[in-house]
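Asks: need a 3D model of the following:
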Amino acid sequence: MDTATTAKVGPRAFAPTQQAAINFLTINIVELATKVSDYSAFAKMERGGWSDAARASGYVELFASASGQAISSLLNGAGAKPNCKALDLCCGQGNASQALLSRGCEVIGIDFSPAMLAFARQRALKAAFIEGDAQNLPFDDAEFDIAVSNLGVCHIPDQPRALAEARRVLRPGGKFAMTVWCGPDASPCFAAVYGAIKTYGHPEVSAPLGPDFAAMRVLGRRVTPLGDTRRVV
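Replies: Next comes the predicted model:
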């Protein structure tokens, strides 16, 4: 993926014993030019999987606390403050939306999963939530002051298009901030998971072609990991 972006690293967010293998990026999108492969099978898998109520419930119960550790830094990077109109892109269970509300923002969350949106509506009662596509946002140009995405972009087939949409809906001077997981090269957690799959997984079972979920952090010297990625949750 080729992207023309600038990025800066946000502040440390976690205690040494609670480090997550997460990168924090604040991206000012200048231009996006890329050749995106056919990820239609990946898109179908994502939509089908995350529309399953049992999967959504399992994620919220077992994994939401890990994703929540990055939110404070994410919102700091976006400049979340009272009276900001904020978009929570790929909002999932609504933990970032809830945090945005606590900072006095007017919040709209969007996600393709009705199952995850059900959790979001229970968590962030004063936010508005929409079932929709991050690659084709149902908002006017320059509608938001800030936009955030907490570990959500990795679920989007056409990531450059989604980032371009985020840019479109931001007002002049608006800011978009996102978090992504580190890949197995930097994360002992994912290295263990990938290693187990490689060793014990059935060779005839494979996932459909999809974008590299950690590619957004590979922007050369402009991006470095948030905190000590040698430790994981």
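
Asks: going forward, measure contacts between C-alpha atoms and count neighbours the same way
Replies: Will do.

Asks: mind naming the longest helix for this structure?
Replies: Criterion DSSP state H: the longest helix present in the chain is helix 188-200.

Asks: show me what that helix is packed up against.
Replies: Applying 3 or more CA pairs under 8 Å, 6 or more residues apart in numbering; DSSP states H and E, one finds that helix 188-200 contacts no other helix or strand.

Asks: buried ones in that helix?
Replies: 188-190 (16 or more other CA atoms under 10 Å).

Asks: between those residues, which is closest to residue 90?
Replies: For the buried residues of helix 188-200, the minimum distance to residue 90 (CA to CA) is 21.8 Å, reached by residue 190.

Asks: contact partners for the closest residue to the closest one other than its chain neighbours?
Replies: In space, and not counting its chain neighbours, residue 190 is closest to residue 184: 4.8 Å by CA to CA, 6 or more residues apart in numbering. Residues in contact with residue 184 (CA atoms under 8 Å, 6 or more residues apart in numbering) are 190-192, 194.

Asks: check residue 138 too.
Replies: residue 132.

Asks: where does this protein dip in pLDDT?
Replies: 1-37, 42-46, 48-50, 208-210, 212-233 (pLDDT under 70).

Asks: all helices of the chain, in order?
Replies: Counting by DSSP H, the helices of the chain are 40-50, 53-62, 64-68, 71-78, 95-102, 114-123, 159-169, 188-200.

Asks: tell me what the fifth one is packed against?
Replies: Helix 95-102 sits against helix 71-78, strand 85-89, strand 106-111, helix 114-123, with contacts defined as 3+ CA pairs under 8 Å, 6+ apart.

Asks: residue 144: which of those is closest?
Replies: The minimum distance between residue 144 and the helices and strands packed on helix 95-102 falls on strand 85-89, with 5.2 Å, by CA to CA.

Asks: list the contacts of that closest one.
Replies: Residues contacting strand 85-89 (CA under 8 Å, 6+ apart): 80, 96-97, 100, 105-111, 134, 143-150, 152.

Asks: try stretch 191-203
Replies: 183-185.

Asks: for residue 71, what are its contacts?
Replies: 96, 99, 150.

Asks: same question, residue 53
Replies: With CA under 8 Å, 6+ apart, residue 53 has these contacts: 115-116.

Asks: same question for residue 118.
Replies: Residue 118 neighbours (CA under 8 Å, 6+ apart): residue 93.

Asks: quick one: it from residue 131, how far?
Replies: Distance of residue 118 to residue 131, computed by CA to CA, to the nearest Å: 10 Å.

Asks: joint contacts of the two?
Replies: Common neighbours of residue 118 and residue 131 are not found (criterion: CA under 8 Å, 6+ apart).

Asks: picking that back up, could the contacts of residue 71 be laid out in JSON lines, adding distance to residue 156 and neighbour count?
Replies: Listed next are those as JSON lines, based on distance: CA to CA, whole Å; neighbours: other CA atoms under 10 Å:
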{"residue": "96", "distance to residue 156": "18", "neighbour count": "28"}
{"residue": "99", "distance to residue 156": "23", "neighbour count": "18"}
{"residue": "150", "distance to residue 156": "13", "neighbour count": "27"}
